[in-house]
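*Asks:* coordinates only, sequence not included:
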């Protein structure tokens, strides 16, 4: 499993992914699941992945090869992010299907699909954030639904539901994202450090450097302990349950 | 889906279940998923269910019928809760298998299984809490793992992970349970009010009356709003993210 969050706000986007991949609990590795493509001053495109690593790597490699080869249609030439989302969805289902056909010769079952978050901005257009499903189709975020998650999403959803709306500022979105990762990592072994974080400011049209956050990162540790302590304080601050709750 | 929590502490047990059942989003009903069996001063047994409602109702009905008929082996005569857990698991898989066979005549697929929490105490024995799987087998909680969840469990797990340990008191366990339900209900449509709550004090050997908590319950509303407000205050209290997070 993996965990990725994409938040699209009026002021910009916050994207984050974990780096753990596992095939069973005894084969755990660390892989980057966040990829960027851009032309300074013209476009910035971000892709985050969850699901079958072989499939997502094949998709990312193909996208990169197309750019290297100066193919007529590649992520740096297409005219919209919706086209990018369609391309990624199409490639992913192709790879997954091919793998499934080959795998069927040697065994039954197996999940070869993956999901993606694809976000960014092309000059003259608004920012966009797409969630690309296993099936290759996609949806984009709106003001009513300013964030998407892929992978192991449930543990870290409640805090995003409460804290994020389209008008939130980037700092608040970073804070909520880190807490969402903290909750997920604590509750699920298949999601792990380091976390890759990327913050894009609307209309900046440059690729951010991004930040890799390890478990030892000072700011993350402060947040983690303030959050833990704060939660317990709220709980303890509640009134005693009414007597009839205990009868 | 459903959501049930069972917490077994040194001082007693806290059990809670929601009451929503649905077959698709247009067929939503309210059903009790918590059942009690007991003999005052001698035993108290609690069963919570998630999964296929027809299967769990058939299991509960069979358990009740055995008591009514004074069968030699019923929940009020068996000598241990581990026996109770085995019986429940066996009945559930029998019913699910029968349904699956009949269903296969008219259609493919379908999930007919269910999971249970079974807890309580028999005189002279410690309290016990079992999680009975879909497959009919079961595990019991220990001091290291003082709570189980069944149904839609992920949204509400982080707060229990943080707040509950074997030495927690019953009041704290009630508070954490209510927060866990609040998080789940907010994030998932298939879990809904009212919540059935039951608190059992170790060695009391009486069936508690239990409390049905609606969305309008004054204490629940206080907790819900204090929690929401408190979370946002903690988030806002965090330091500003370091500048290199945004580059």
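*Replies:* Alright, I've got the coordinates. Remember, it's a predicted structure, so these values are computed and weren't measured experimentally. Residues are numbered from 1 along each chain as shown, chains lettered A, B, ... in the order given.

*Asks:* Which residues are in contact with residue A:237?
*Replies:* By C-beta atoms under 8 Å, 6 or more residues apart in numbering or on different chains, the contact set of residue A:237 is B:226, B:230. C-beta: built from backbone N, CA, C; applies to glycine.

*Asks:* And the strands in chain A, which stretches?
*Replies:* Secondary structure of chain A by DSSP state E: the strands cover A:3-8, A:12-17, A:20-22, A:28-30, A:34-39, A:43-51, A:114-122, A:128-132, A:138-140, A:147-151, A:195-201, A:211-213.

*Asks:* Out of the helices and strands in chain A, which is least certain?
*Replies:* Of the helices and strands making up chain A, the lowest-confidence element is strand A:28-30, at a mean of 66, by mean pLDDT, DSSP states H and E.

*Asks:* about what we covered before: by mean pLDDT, show me the worst of the strands of chain A.
*Replies:* Of all the strands of chain A, strand A:28-30 carries the lowest average pLDDT, namely a mean of 66.

*Asks:* for chain A, what are the low-confidence residue spans?
*Replies:* Chain A contains residues with pLDDT under 70 at A:22-30, A:105-110.

*Asks:* Distance from the lengthiest helix in chain A to the middle of the chain?
*Replies:* Longest helix of chain A, by residue count under DSSP state H: helix A:81-104. Here helix A:81-104 is found 18 Å from its chain centre; the criterion is C-alpha atoms, centre = their mean, to the nearest Å.

*Asks:* Stretch A:69-77 too?
*Replies:* Averaging C-alpha positions (C-alpha atoms, centre = their mean) puts stretch A:69-77 24 Å from its chain's average.

*Asks:* end-to-end on it?
*Replies:* For stretch A:69-77, the first-to-last residue distance is 12 Å (C-alpha to C-alpha, to the nearest Å).

*Asks:* for it, which positions count as buried?
*Replies:* Buried residues in stretch A:69-77, counted by 16 or more other C-beta atoms under 10 Å in any protein chain shown: A:74, A:75, A:76.

*Asks:* wait, isn't the last one in contact with residue A:44?
*Replies:* When you say that, I think you mean residue A:76. No. The criterion here is C-beta atoms under 8 Å, and residue A:76 misses it with residue A:44 at 10.8 Å.

*Asks:* Is stretch A:173-185 positioned near chain B?
*Replies:* Yes. Part of stretch A:173-185 sits near chain B under the criterion C-beta under 8 Å from any C-beta of the partner chain, namely A:174, A:175, A:176, A:179, A:183, A:184.

*Asks:* hmm, who's touching that stretch?
*Replies:* Contacts of stretch A:173-185 (C-beta under 8 Å, 6+ apart): A:3, A:5, A:7, A:9, A:14, A:16, A:18, A:152, A:155-157, A:159-160, A:163-164, A:168, A:191-193, A:195, A:197, A:199, A:213, A:220, A:223-224, A:227, B:158, B:235, B:238, B:241, B:245-246.

*Asks:* cool, stretch A:82-97 as well?
*Replies:* With C-beta under 8 Å, 6+ apart, stretch A:82-97 has contacts from A:45, A:47, A:52, A:54-56, A:58-59, A:62-63, A:73, A:75, A:78, A:112-114, A:116, A:118, A:128, A:130, A:132-138, A:140.

*Asks:* now with 6 Å?
*Replies:* If you take C-beta atoms under 6 Å, 6 or more residues apart in numbering or on different chains as the criterion, stretch A:82-97 is touched by A:55, A:58-59, A:62, A:75, A:78, A:112-114, A:116, A:118, A:130, A:132, A:136, A:138.

*Asks:* What angle do strand A:114-122 and the longest helix of chain A make with each other?
*Replies:* 160 degrees (axes from the mean of the first three to the mean of the last three C-alpha atoms, to 10 degrees).

*Asks:* got the buried residues for helix A:81-104?
*Replies:* For helix A:81-104, the neighbour count (16+ other C-beta under 10 Å) marks A:81, A:84-89, A:91-93, A:95-96, A:99 as buried.

*Asks:* now, which of those residues sits nearest residue A:146?
*Replies:* residue A:81 (16.1 Å; C-beta to C-beta).

*Asks:* which non-adjacent residue is nearest that closest one?
*Replies:* Residue nearest to residue A:81 in three dimensions, not counting chain neighbours: residue A:128, with 4.2 Å by C-beta to C-beta, 6 or more residues apart in numbering or on different chains.

*Asks:* right, and the one you found touches residue A:117 too?
*Replies:* No. Applying C-beta atoms under 6 Å as the test, residue A:128 and residue A:117 come out as separate, 11.0 Å apart.

*Asks:* Looking at the two, which is more packed in?
*Replies:* Taking neighbours as other C-beta atoms under 10 Å in any protein chain shown, residue A:128 and residue A:117 compare with residue A:117 leading, 32 against 20.

*Asks:* looking at the sheet around that one, what are its partners?
*Replies:* Beta-bridge partners for residue A:117, by DSSP bridges, are residue A:48, residue A:131.

*Asks:* dump the residue contacts of it.
*Replies:* A:4, A:6, A:48, A:148, A:150.

*Asks:* can you do 10 Å?
*Replies:* Residues in contact with residue A:117 (C-beta atoms under 10 Å, 6 or more residues apart in numbering or on different chains) are A:4-8, A:13, A:15-17, A:33-34, A:46-50, A:85, A:129-132, A:138, A:141, A:147-151.

*Asks:* ok, now residue A:118?
*Replies:* A:6, A:35, A:37, A:45-49, A:75, A:81-82, A:84-89, A:128-132, A:138, A:140.

*Asks:* Now it: closest residue in space, sequence neighbours ignored.
*Replies:* Per C-beta to C-beta, 6+ apart, closest to residue A:118 is residue A:130, 4.5 Å.

*Asks:* Residue A:159 is in contact with residue A:223, correct?
*Replies:* No. At 11.8 Å, residue A:223 does not count as touching residue A:159 under the criterion of C-beta atoms under 10 Å.

*Asks:* Compare those two and say which is more crowded by neighbours.
*Replies:* Using other C-beta under 10 Å as the criterion, residue A:223 and residue A:159 rank with residue A:159 on top: 26 against 22.

*Asks:* so that one touches residue B:231, yeah?
*Replies:* Yes. Contact criterion C-beta under 10 Å: residue A:159 and residue B:231 qualify, at 7.0 Å.

*Asks:* got any residues that touch both of the two?
*Replies:* With C-beta under 10 Å, 6+ apart as the test, residue A:159 and residue B:231 both reach A:176, A:179, A:227, B:183.

*Asks:* Just among the residues you listed, which is most surrounded?
*Replies:* Among the shared contacts of residue A:159 and residue B:231, residue B:183 has the most neighbours (other C-beta under 10 Å), with 28 neighbours.

*Asks:* need the contact list for residue A:8.
*Replies:* Listed by C-beta under 10 Å, 6+ apart, the contact set of residue A:8 reads A:14-15, A:117, A:119-120, A:126-130, A:140-143, A:145-148, A:166, A:173, A:200, A:202.

*Asks:* do that again at 6 Å, thanks
*Replies:* Contacts of residue A:8 by C-beta under 6 Å, 6+ apart are A:127, A:129, A:141, A:146.

*Asks:* Sweet, I'm off.
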